[in-house]
Every structure is written in structure tokens, then in C-alpha cells.
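[1] Got a predicted model here, sequence first, then my questions.
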Amino acid sequence: MQLIPAISRGRGLGLAGVVGVTALLEVVVRTGLLPQAWFPPPSRILPAFGEIVAAGELFGPLGQTLQGWVLGILAAAAVGVPLGVLIGSWPLTHRLTRFTLEFLRPIPPVALIPAAVLIFGSDLEMKVFLIAFGAFWPVLLQTVYGVHDVDPTARDAARCYGLGPRAVLVRITLPSALPHLATGLRIASAIGLILAVTSEIVVGAPGLGVRITDAQSAGGAEDVMYAWILAAGLLGWALNGALHAAERRVLHWHPSYRGGVR
Amino acid sequence: MIRARLADAALALALPVLLLAAYDGWARTAGNFFFPPLSEIGATFAAEWLFTRVPTDLLPSVGRMLAGYALAVAIGVALGTLLGLSRTLSRALDPVLQFLRALPPPALIPVSLLVFGAGDGAKVFLIVLGAVWPVLLNTVDGVRGVDATALDMARSYRVPAHARLTRLILPAALPRILAGARTALAIAIILMVVSELVGADNGVGYTVQLAQRGFDIPEMWAGTVLLGLLGFGCNAIFVAVERRVLHWHLAVTGRATHARRP
Amino acid sequence: PEQGADGLTKLRIAETAGAPLNFLTYGDEQGFFAQNGIDLEITSSSGGATVIPQLVSGDLDAAGSNVVSGLIAIQQGLPIQMVAAGTSTSEDPAQDFSALMVKPDSPAQSIADLAGQRIAVNSLRNINDIVLGNQLQQAGLTYDAVQFVEIPFPEMAPAVERGDVAAAMLIEPFITVAEDHGLRIIGRPYTDLRPGLQIGTYLMNRELVASRPELVQGFQRAVQATADAIGADPAAFRAALPRISETDPGLAERVRINLWRGTTDRASLELVMGLMVDYGLLEAPVDLDAVVVG
Amino acid sequence: MLDVRELTKSYDGVPAVADLTFTVAEHEFVCIVGSSGCGKTTMLRCLSGLVAPTSGEVTLDGTPIDGPPPDMAYVFQDYSRSLLPWMTVAGNVAFPLPYKGLSKADAAAATAEALDAVGLGDRGDAYPWQLSGGMQQRVAIARALAYQPRILLMDEPFASVDAQTRADLEDLLLDIWRRYRITILFVTHDIDEAVYLSQRVLVLHRPAHVHEVVEIDLPADRDQLTTKRLPEFGELRTRVLSSLRAPDPAGVTP
Amino acid sequence: MLDVRELTKSYDGVPAVADLTFTVAEHEFVCIVGSSGCGKTTMLRCLSGLVAPTSGEVTLDGTPIDGPPPDMAYVFQDYSRSLLPWMTVAGNVAFPLPYKGLSKADAAAATAEALDAVGLGDRGDAYPWQLSGGMQQRVAIARALAYQPRILLMDEPFASVDAQTRADLEDLLLDIWRRYRITILFVTHDIDEAVYLSQRVLVLHRPAHVHEVVEIDLPADRDQLTTKRLPEFGELRTRVLSSLRAPDPAGVTP
Ligand SMILES: Nc1ncnc2c1ncn2[C@@H]1O[C@H](COP(=O)(O)OP(=O)(O)OP(=O)(O)O)[C@@H](O)[C@H]1O
Ligand SMILES: Nc1ncnc2c1ncn2[C@@H]1O[C@H](COP(=O)(O)OP(=O)(O)OP(=O)(O)O)[C@@H](O)[C@H]1O
Ligand SMILES: [Mg+2]
Ligand SMILES: [Mg+2]
């Protein structure tokens, strides 16, 4: 009963924010703060976007980008979460992997594109590798931080009740690390999308990024280019919304989601 | 004490040394043009980066990276705190921010070039744009997750809002903020490279890309290794700072003081 | 490359986005490749440096690249050869697909007036350095008299307008767009170096060239046929542009079109190679006889 | 001074406090007893302005409370969570003082004095998580004392300390109450403590409403030994106890 | 059964437990009293195997403890932090049971029974943070009871509940102790409670070492009213109290 107005209020505010910023952008471009000739105002980008959608052109590239993203994130999570838990809860693994991970982590995924192209070719596999590599780190790090953040009293309680290390992991450590992991996944999701589009732009793997470069190299098609950029943004926004909704369900008990207390 | 430290370092070094040896052995037998043996990469590294290119390429890169990183942390913490405190504001800005966050920074290079020109401004902008999100997200979560009892305490003692913020909310959120800042550091280094792929005339990323385009593979790997070292160094400094700032958190979660049975 | 059910041999090729890609797409669309037994699978790329490794690894059968990247790769010892010519500049300077442009109110009349200033190029240490360096030399300056800055083509005109750079080395269709904004052409560096200078080239793996000569010849014939078709009826090519690329129809009618020829122009290569050695892009000349096929 | 009128607070439609009405005069010491979960903490949170009541009103000196009023201190039941782990014990005690306008020196003096009073004068440099439960609770009490409030709300403040310390703290509190003429609302489960400390005991039934007010007409000067041996003490004790156990008249409990 | 020998635990060189030696027999009910901060919690943490002692040894049935032994339950002093906020009350009580080998149905039955016993039968679906302090403490107790341990360590488990509930819980605990013949170590600050519940009271002085062991030779069947009125009860009470207050012989306190 009470939820419905709250949600629609949230939507209304969000909508107001979107409209406000769009209007601001329109004004900024029209008043010449941004050169209109090179940066089309929203009133030109939106129709161009509409055309892409109406012509059904949007969905092919969108699907290709999405596919790479999903596979990459899954791969990153499949490796990052177990490793993060291991490193976070077992000091020896931490010490063993410290240098290696700290050295590999800052290597920009984009710098690995040539090697990735060599090993995986220029399409989906390469994209998935890059995304997995980039998304792996936030998942790993946030998992480690989450594992470190478990309330010691809660963990002690579990251990006293005869929960073995595995049970402590599943019942105590993972749930309390979940808020961190959720943040990690949201960051990973954004990085994954960035890398999907970047690899498409740089290597030409099929997807939204290629459409951006195509429009860019056509000349005079700035509105189409920005329409594709908009599509990339919208995709990220939708992905994030989905993650957020899932998070809200799973983390309803967390202080940041508890309703009606304050 | 010193012996323990040496053992620790030896342990940490074991894995990387093993990996490197394995790579070298493979590279020598495989003779792949794109994967030269370590000696070749090492020689190039010594010739280029010790220290001829340090003032011309390394320092400008690091300068831009630090500037962008500092801005990203400042903006991320400020905005994240605001959004963490005000549900209304976070509802209003959420869709716009999620959209911006989802935009792949490489796709925004045109806009940044338009607004900031081909100088350092555009590059710093790009770094900020990518690195701000982990800080922002973690700050929002950290601020929202502050213990309700602690907050009530401060409110009941009429600790003014600004002091609640600086003395309670931010310190309590600090573990989360630092987790975000650490991820952001890695992203800042990635974007330092990305930003130098377009419109640059110096920098580590620029050098790597030039080497890659010129098929100077040992130089490309030498640059990649430098990026790894750079990230490693930055991270080591970060961890040292974190240890000092968060000593209480380490102790509370049972990772610093006294024998606790794992 | 395998033979498909339709009897055509599948050939995976990547070509640089923009005019080179349009050329290849047009030829494919007109059926010149199918006529020569080839089923083209085209992907767009951002230039030679990213696709040459794929040629080596076998993920691609052929790749479009500019001659400078190709020559550097060959000199570094990569097993690739040039099988056909890509884009070339026009014989007529006015129709050059590339131009050096400045702000409408700039006092500069030629590159000689730009000493000590910044010039935007799309890619550093590449073909731009060669042609602009040549112009500088002709004007009595040296290669390093100006500072080159890397900016993507679409962003060049705005950068010139803002004054970030004094001039920019643009290509079509951005020249036409820039002219609409009042930018002024002060030089044609490509035709200056040599009218009809060959810029692009098609590369293949040496192994493939040796093992499948008939495939290479079919490819060469198809490229030649496409070049001839465009030379004979440029209007048809123009009309096809909005269809095969994102180009705005109004713009397509006005853009300058490159010159196309099928076979490699040895004289262009030698000229470029010589300058590459002069400017330090190449340590030593390569043996063109071992590089050029056909 | 404090006027609570028909205060109701519901969580998800279930009342935790229902139609609670009472007044507290200036310089009164009121103890509140009631079964576990009957709504005492919820009531204190409403009085302190931390949560808005569902209905009803709380006024302090005639002005309605809509946020924590000045000169009020609150010792939370969940004391260990009310201490900030990144501050030392002294830091935690001193934390609110500057915002009350105390100078650095005054704050340090007040902190030292309060810590001494609760028997932790030598632990100022420790961190809360290095202390035992009872010590942590005393830090929370010291913070309230150092604040020198006009009204003091205390939610089972002595639950985790030993009998001896508890008696000492009770006498300390009485002494402070007399000396500074402050007003105290004190929630406790210890009926002896309630009778010993207060001038009135409010017996709450669930959901929190006043079932009975027991006036404590013991001599003002109290002493752990003599007061608790007075026959009236035993009587009052029994009265509070039976009032706690009394069934609600039919129809009142929801 | 439980053998503590010369147990010492220091924090930063300062001993919290020093040379503590005692034994607990099978099916004994031992209460532990001592001033706030004297090291009771630290001692229980060593006994439970959660922290390693600095020196000395704890053996259970002859085997040294180096981690939480099976069939042991521990009710923490910091009960609110020992509950998991993402589980319901019933979930919190039930969660250790499967690891003990209980089937789903058995676990559900044990959970329901334990929650009923502590008076929270109707709050199983609530979350811990929706409960009052005393209710949370009872959830922690219910978790220990549902676990049906052989040894039960309790650290001030009734500190936050009202007198009536406390008496009920005391009797519940005695009943369970008798029925299942378990061994209980019970830390409390309430001397009446210590005497009423136990067979022996260990009086600890600081840093935790046994100052005196008071044998409680009251009849085995105990009752809140009659037992507490026995003259021996008063005597034992006084003995424990004076033992608590007694000064350490010179030279023993560090
Ligand atoms: N993590 C720690 N670091 C440093 N000192 C500690 C730590 N934990 C406990 N201590 C110290 O050890 C001593 C005993 O603490 P403990 O918690 O065992 O007391 P206790 O007898 O349980 O007291 P209470 O009745 O107040 O709960 C105290 O002086 C305390 O300051
Ligand atoms: N945040 C909340 N959400 C839902 N219900 C709540 C919340 N806080 C308290 N309650 C309910 O309100 C009732 C009263 O709780 P309150 O904490 O005021 O009790 P109390 O009298 O302080 O008990 P105790 O003596 O055990 O501390 C309880 O039934 C509790 O479950
Ligand atoms: Mg309460
Ligand atoms: Mg204790």
C-alpha cells in the first residue's frame, strides 16, 4: 500500500532529473556554450535515436554488446568471488598472490588488446576476455574488502556453534560481504560495458562500438553517432537498474535498504 | 620481526618469479614475434625507462593521473555523501548519473576534446569521468550504512550536522570510501593510458601505443611492464596510507591485533 | 579460407573505416568479388596496426592498411606481403581527398607560415608525417619545425576553430564539412608529394599468398574491377554512399572521391619509403621485390 | 517541564507505544519499568526527538519536540554501538562537547572528570573495542555526564556492570542529580534500583502506556544500606512488582 | 571435564587473565562473578577456543582446546552483534542446527520450541533489528538452547531482560540443566542469580584469577520464592559479596 506512492515518487523525481539535465544540455548547446555545429543538441540526437529504433537497427548491435558483457561479467564473477573469498579469509593466499595481483591489476585492459587479438581473434572471445579481465578486479577487491568487514562477534558466534569453515563462509561471510560484492558487481558492470564498447571501437568487434565509429567516420553524422552513444548509455543504465533491483531484493535487511526506521 | 618480513616478501615473490620463469621458458622456445623473451623486454626497459623517458613521458602521465584521481576522489566523496544523505536528491539524480556512468569514456573523447581541447584538460577530464564512480558508489553505500545507533547518539547530543558529517559519517564510511578509492586508482591508471591514445604527444600510454603501431613489440611490453610497476607502486603507497588511517577498522574486524584463531 | 556451399571461397578481410571501407563494400555489393570466386566477409577496423597481428595469427585473410604501417610491419620482420593497392590520392590537386586546413581568419597561406605551431594529424609517426615533412622541406623548413598533435578526424575542425591547433590534416568527408564551417585549405600535402600517390594497400599473410595463388589473383582482379567501375562511373558510387555508409546524402553528392587503382604503384612506395628512412620511421629500406605481389 | 500527551508510535501498524500520557517536573528523577519489549526504548526515542511519533505530542517547557532538544543527553541501551570505534575513550566522551560551546581545555577537564567518576580515569587513551562490556557502558555514561545536560535519558545504563560498581554509579547519579538539579528519566529492569533512585516510578504495560504511577516517598537522602533496609522500601518494591505483574483491565490490551 | 590450568591471556603485555586455574565437572552449573573488566569475557573466549591463550592450557575431556569444540554453545555479552541482520529471528536460531546434523523438520521444531521457551514464539518472522534489546538477547539465548549443547557458556545472558522474564529464564535454564544433564558456565553480575542458579560460584579478581570458590550447598530443587528466603541463601550471598570486595593479599595483584 505504502510502497506504491513511494516508488512512483522516486520515478517522478528521477524523471524530473532527466528532463532537467536534458533541458540544460539543450540550452547549453543552443546558447553556444558548446559548439552546436559539432555537438548536436538533444533535440537532434533524440530523433536520430528514434530512427535507429524504428528501423530495428538498434537490436542487432545491442545484442552483440550485451552478449559479450554477460559472458565477461559471469567469467569475472566466477573467478573473482572465490578468489576474493580465499584471499580475504586466508592470509597465506593473500601473501602468496599479493605481488602478482597487485602487478597485474593496474595493467590497463586496453593495453592488452594486441595480445588479446593475437590469442583470441577479433570477435566475441576477445571481447569476453577483455571484459572479464577488467571486471575481475573490482569483483575481487570488493569481495576481499567485504570478507574483511564481517562483524567479528557474528563470526565468533557461528564458529562456536560448530559451523565449519565452509559453513561460516556460506552462512556468515558471504551474506555480510554481499553489500560489498553488490557494489563490486555494479562497478564491474560499468567497466565491462566500457571495455565492450572500447574493444568494439578499437578492434572492430561487432556491437554498438562499431556503429559509433562507423557514424563517426561518415562525417556530418554527429547526431547518429551520439544516438549510438546514447544507446550505449541507455544499455548501461538498464543493466544497472536490473542489478539494483536484484540488490534491493537480496539486501533488504541492510541498513541502507531498511524502510521506515528513520 | 625482520625475518618474518623477509619470509613474507619471499612468499609474495615466489608466485611472480615462477610465472615469469614459465613465460620466459615458453617465449624462448615458441619464438612468437609478439611474445619476446624477458631478456629482450628487460633490455628495452632499461634502455627506455631508466631514465631517459622518465621526465618526458612518465612524469607527465603520472601528473595527469594524480590530478584526475585527486579530482575524482574529491568529487566522488562530496557527491556521494550528498546522495547518501538525501534520498530525494539521489532519486532525482540517479537516472542521469547511472546514464553518465554507463557511457564508455572512450566514446566521450569527442566531447572532452570539444570542451577541453587537445591539452591536458581533456585527459584529466577523462580520468575523472572514469575514476569517480567507484568512489561515488562506495561513498553512497558507506554513508547509508552508518550504524543507526551511532547516528542517533550524535543527533541526541545535538552534534551539528557538519560535525556529524566530518566526525561520524565520513569516518564510519571511510572503509568503504577507501575500498572505492582503491578501485578508482586502478581505473585512473587505465584511463591515463586510454586518454593518451588520442590527442597526446607524450606519456606512457602514448609510448606504448606508438610502439604497438610501429610493431616495436619489446618496447610495447616494456611500457606495459612499466604500467604494471606504476600501478604496483601507487597501490603500495595507497595500502600504507590505508593502514594508518584505518588502524581502528583493522583492529575491530580482528585483522591487526592479537591471536585470533582462524 | 574455405570453399562455401555456393562454390565461393570465404575471405575474411578488415578495412579501415571511412572511404577505404566504402570502396570495398561497394565492390562487394556490385558483385566483383563473387565474380572472382570470393565471398567477402568484411569487418571495419581502425587501421593497420590493429589488424596486422590478426593477419599474422590467421584470424584474417586480408587487411587494408596504409602503406606506412605495412612497411613498418614488414621491416620488423612480420610475414606479410602487399597484394593490391588501396586508396590513392587524386592526380588533380583540387580533387585531393586530403587537405591541410586552417581557420577562416588565419593569416597562414601555406605550411611555411606555420613554423613553431601545432598541426593536428589523425595518427602520429605515420603517413601524415611523411607528406607534411615533405612539404616542410620544400618550404625550406625541417621536419621538426612544427609540432604534430594527434586528434581524430571528426574532432579536427572543432580543434582548429577553438585555436587548439593552428592547422589540421583532414580527409573527406570531413573536409567538405569543415569547408561548410568556413575552414580554408592551404595545402594538398599528398598530391604535393606525388599526384596519384598510393596511400592504402591490401596485405596478406606470406604463407597464404604462396599457398593460394589463385585466391590472390581473384582478389586482385576484383579490386581492379572495383577501381575501374568507380573510375568509370563515380556518380553511381556517390549515389551508393548513403546506402553503404552513414554518410548524409547531401554530403555524398559533394565529397571528393579518392583515386582507385588495382595494382601497387612501386614509385609511390619508393618515395614514401625513402622519406620514412629520412625521418626515422624506418631503420633501413625494405626490398620491395620481396614485398609486392603482382 | 516534559509533557507527554497521548503519544503513540506504531511500527508497520503495530503500536509499540500507545496513548502514553505523563508529565515530568523540573528536577525530578523518574524511573520507568516495564516488561521486555513493552516499548520503553521506543518511548525514549520519541521523547528525545529522534523518531517522530505516529500521533500525540511531546512538549518540553511548552515547545513541541521535533528534534533532539539542546541540553539533553541520552545513554543508549545498545551502548557498544553508540561508541565510535575510531575514537579513543576520551575522544568519545569529548566528542559532543565542542558543539555545546565548551573550549578545548574545558572539554578536556570535563572528560577527565567524567571518566574518573565512572572509574575509567586511566583508560582514556584506550579504544572502546579494547574495553570490556561494562567498561564500554561506563564510557557511554561518562559521555552523558561530561555533557552536563539539563535532562538525562538513560536506557538500562547499568545493565552490564557489577553490583559494586552499580551501587557506586547509582550514588554518583543521585549526587549529580542533587548537585546540578537536573531532570532524569531512567529505564531499568531492576526494581530495587528504580525505587532506590527515583521520586516516582512509572510502571508501563504493553504497548507502552502508564499502568500505574508509584510515588516514592522515601527520605531524600538515600544510602545503599540504610535506605534499602527501610520497611517502606520493601513495601514500595512489592507495589511496583505487583503493578508490573498486574493484568491489564479487559479491553485495554489490543 | 573442563580443566583450566594456569591460563594467562595478555593484551599488549597487560594481562586480562592471569594464572587462572579451576576445573568443572560434568553436569555442573558454575557461576562466575567478578568486577567489571576483571577478565570474565576474556576467560570465556579462551575456554571456547576463539582466542589462543598467551600461556597455560584448557583441556576438555582431556584433549586441549584449540578451536571451538563441538557441542558447545556460547551466548555472547554483545548479543546484538552476534545476531545476523539478514536472517529472521527463526533463521538466526535455526542456522547452526543443520551443521549439527539436524534434519530440516527437527531444526524447525527445535527452533519453535526454543523461541516459545524464551517467550518469542510469535516473533519468529521478525528481523533482529525490529526487536527490543531484551528480545534480541532472548533470541541469542534461544539459539543456544535450540542447539542442545553439552556445554553452555553464557556471558551475562539476562542483563537486558526484566525481572519477571529473568526469573522465568532462570527457572527455564535450571530445568534444561537438570533434564539434559548439560554443563553450564554462567557469568553474571547479579549475586542472587549466581547463588540461586549454581552449585559453585567462582569469584574472580582482577586480572582474572580465582580468588575464592564458594560451594552452594542449597537443596537441589530450587524455587524463586522459597530458596531465596532460606537463611543459607542470605549467608551465601553475603559470602560471595564479601569475597568480591575482599582485597587481594599483598603482592598478588600485579
Ligand atoms: N581486544 C582487546 N584489546 C585490548 N584489551 C582488551 C581487549 N579485550 C579486552 N581487553 C581488556 O581486558 C580486560 C578484561 O576484559 P573482559 O572483557 O574480559 O572483562 P569482563 O570481565 O568481561 O568485564 P565486563 O563485566 O565489564 O564485561 C579489560 O581491562 C579490557 O580492557
Ligand atoms: N525498528 C522497528 N521495527 C519494527 N518493530 C520495532 C522496531 N523497533 C521496535 N519495535 C517493536 O516495538 C516493540 C517495543 O520495542 P522497544 O525497543 O521499545 O522495547 P523495550 O521496552 O525497550 O524493551 P527492552 O526492555 O527489551 O529493551 C517491540 O515489540 C519491538 O519488536
Ligand atoms: Mg529497550
Ligand atoms: Mg564481559
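    Happy to help now that I have it. Ligands and ions are numbered 1, 2, ... in the order given.
[2] From A:Phe120, how far off is C:Asn205?
    According to C-beta to C-beta, to the nearest Å, C:Asn205 stands 18 Å off from A:Phe120. Yep, even glycine has a C-beta here, placed from its N, CA and C like the rest.
[3] And the two? Which one has more around it.
    Counted by other C-beta atoms under 10 Å in any protein chain shown, C:Asn205 and A:Phe120 do not tie: C:Asn205 has more neighbours, with 22 against 18.
[4] Could I get the contacting residues of the more buried one?
    The contact partners of C:Asn205, taken as C-beta atoms under 8 Å, 6 or more residues apart in numbering or on different chains, are C:55-56, C:58, C:61, C:79-81.
[5] Which single residue in the stretch 1-150 of chain D comes nearest to chain C?
    When C-beta to the nearest C-beta is the measure, the stretch 1-150 of chain D has its nearest residue to chain C at D:Trp86, with 47.5 Å between them.
[6] who's in contact with that residue?
    By C-beta under 8 Å, 6+ apart, the contact set of D:Trp86 is B:171-172, B:174, B:248-249.
[7] is it true that C:Ile171 touches C:Ala19?
    Yes. In this structure, C:Ile171 is within contact of C:Ala19 by C-beta atoms under 8 Å, at 7.2 Å.
[8] shared neighbours of those two, anything?
    Residues touching both C:Ile171 and C:Ala19 (C-beta under 8 Å, 6+ apart): C:Phe97.
[9] Regarding the closest residue to chain B within the stretch 101-250 of chain D, what is its secondary structure?
    Using C-beta to the nearest C-beta, the closest approach of the stretch 101-250 of chain D to chain B is made by D:Trp129 at 5.2 Å. Three-state secondary structure (criterion: DSSP: H, G, I helix; E, B strand; the rest coil) places D:Trp129 in helix.
[10] so how many other residues sit close to it?
    Neighbouring residues of D:Trp129 were enumerated by other C-beta under 10 Å; the total is 16.
[11] One more: C:Ser211?
    Per other C-beta under 10 Å, the neighbour tally for C:Ser211 reads 11.
[12] do the same with A:Pro82
    A:Pro82, neighbours per other C-beta under 10 Å, totals 12.
[13] Need the three-state assignment for it.
    helix.
[14] Would you map the helices across the chain?
    Looking at chain A here, since you left the chain open. Ranges of helices in chain A, per DSSP state H, are A:3-30, A:42-54, A:59-89, A:91-104, A:113-120, A:124-148, A:152-160, A:165-168, A:174-203, A:208-218, A:222-250.
[15] wrong chain, I was asking about chain C
    Counting by DSSP H, chain C has helices at residues C:19-29, C:32-35, C:48-57, C:67-75, C:127-138, C:153-162, C:174-180, C:189-193, C:206-211, C:213-232, C:234-244, C:249-252, C:266-278, C:288-291.
[16] Buried ones in the last one, by neighbour count?
    In terms of neighbour count (16 or more other C-beta atoms under 10 Å in any protein chain shown), helix C:288-291 has its buried residues at C:Val291.
[17] hang on, the earlier thing: farthest pair within the contacts of D:Trp86?
    Every pair in the contacts of D:Trp86 was compared (C-beta to C-beta); the two farthest apart turn out to be B:Ala172 and B:Trp248, at 10.6 Å.
[18] Any residues of the stretch 1-150 of chain D in contact with ligand 4? List them.
    Proximity of the stretch 1-150 of chain D to ligand 4 is assessed by C-beta under 5 Å from the ion, with D:132-133 identified as the residues in range.
[19] OK, contacts around the closest residue in space to A:Val250 that isn't next to it in sequence?
    When the adjacent residues along the chain are set aside, A:Val250 lies closest to A:Leu178, with 6.6 Å between them (C-beta to C-beta, 6 or more residues apart in numbering or on different chains). With C-beta under 8 Å, 6+ apart as the criterion, the residues that contact A:Leu178 are A:146, A:250-251, E:86.
[20] Neighbour-wise, which one of the residues you listed leads?
    When the contacts of A:Leu178 are compared by neighbour count (other C-beta under 10 Å), A:Gly146 ends up highest, at 26 neighbours.
[21] List the contacts of that one.
    A:Gly146 makes contact with A:84, A:88, A:176-181, A:184 under the criterion C-beta under 8 Å, 6+ apart.
[22] related to what we said a few turns ago, as TSV, the helices of chain C with mean pLDDT and distance to ligand 2 would be great.
    Shown next, in TSV, are the helices of chain C (pLDDT from 0 to 100; distance: least, C-beta to the nearest ligand atom, whole Å):
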stretch	mean pLDDT	distance to ligand 2
helix C:19-29	89	63
helix C:32-35	92	72
helix C:48-57	80	58
helix C:67-75	90	67
helix C:127-138	88	68
helix C:153-162	83	56
helix C:174-180	85	63
helix C:189-193	89	75
helix C:206-211	91	72
helix C:213-232	91	75
helix C:234-244	87	64
helix C:249-252	79	65
helix C:266-278	90	75
helix C:288-291	88	78
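[23] so which of these gets nearest B:Val204?
    Distances from B:Val204 to each of the helices of chain C were compared using C-beta to C-beta; the shortest belongs to helix C:48-57, at 17.6 Å.
[24] does any part of the one helix or strand D:Asp175 maps to sit near chain E?
    Under the criterion DSSP states H and E, the helix or strand holding D:Asp175 is helix D:163-180. Yes. For helix D:163-180, a contact with chain E is found by C-beta under 8 Å from any C-beta of the partner chain, at D:163-166.
[25] follow-up on the earlier one: and the pLDDT for the residue of the stretch 101-250 of chain D closest to chain B?
    Confidence per residue is given as pLDDT, and for D:Trp129 that number is 86.
[26] Hmm, D:Pro85 and it touching each other?
    Yes. D:Trp129 lies in contact with D:Pro85 (C-beta under 8 Å); the separation is 5.6 Å.
[27] Report the separation between C:Val149 and ligand 4.
    Going from C:Val149 to ligand 4 by C-beta to the ion, to the nearest Å gives 69 Å.
[28] oh sorry, the question was meant for A:Leu112
    Shown here: A:Leu112 relative to ligand 4, a distance of 54 Å by C-beta to the ion.
[29] same question, A:Ala78
    In this view, A:Ala78 and ligand 4 are 43 Å apart by C-beta to the ion.
[30] need the contact list for that residue.
    For A:Ala78, no residue meets the contact criterion (C-beta under 8 Å, 6+ apart).
[31] again with the one 3 residues further on
    By C-beta under 8 Å, 6+ apart, A:Val81 lies in contact with A:139, A:143, A:181.
[32] what ranges of chain B fall below the confidence cut-off?
    Residue ranges of chain B with pLDDT under 70: B:1-2, B:4, B:251-262.
[33] Equivalent analysis for the stretch 151-262 of chain A, please.
    Screening the stretch 151-262 of chain A residue by residue with the criterion pLDDT under 70, one finds the ranges A:157, A:160-162, A:217-220, A:255-262.
[34] which parts of it sit against chain B?
    Within the stretch 151-262 of chain A, the residues that sit near chain B (C-beta under 8 Å from any C-beta) are A:151-152, A:179-180, A:183, A:186-187, A:190-191, A:193-194, A:196-198, A:201-202, A:209, A:212, A:216, A:225, A:229, A:232-237, A:239-241, A:254-256, A:261-262.
[35] same thing but at 6 Å, please
    Within the stretch 151-262 of chain A, the positions adjacent to chain B are A:152, A:183, A:187, A:190, A:193-194, A:197-198, A:201, A:212, A:229, A:232-233, A:236-237, A:240, A:255-256 by C-beta under 6 Å from any C-beta of the partner chain.
[36] and those residues, which are buried?
    Among those, those buried by neighbour count (16+ other C-beta under 10 Å) are A:152, A:183, A:187, A:190, A:193-194, A:197-198, A:201, A:212, A:229, A:232-233, A:236-237, A:240, A:255-256.
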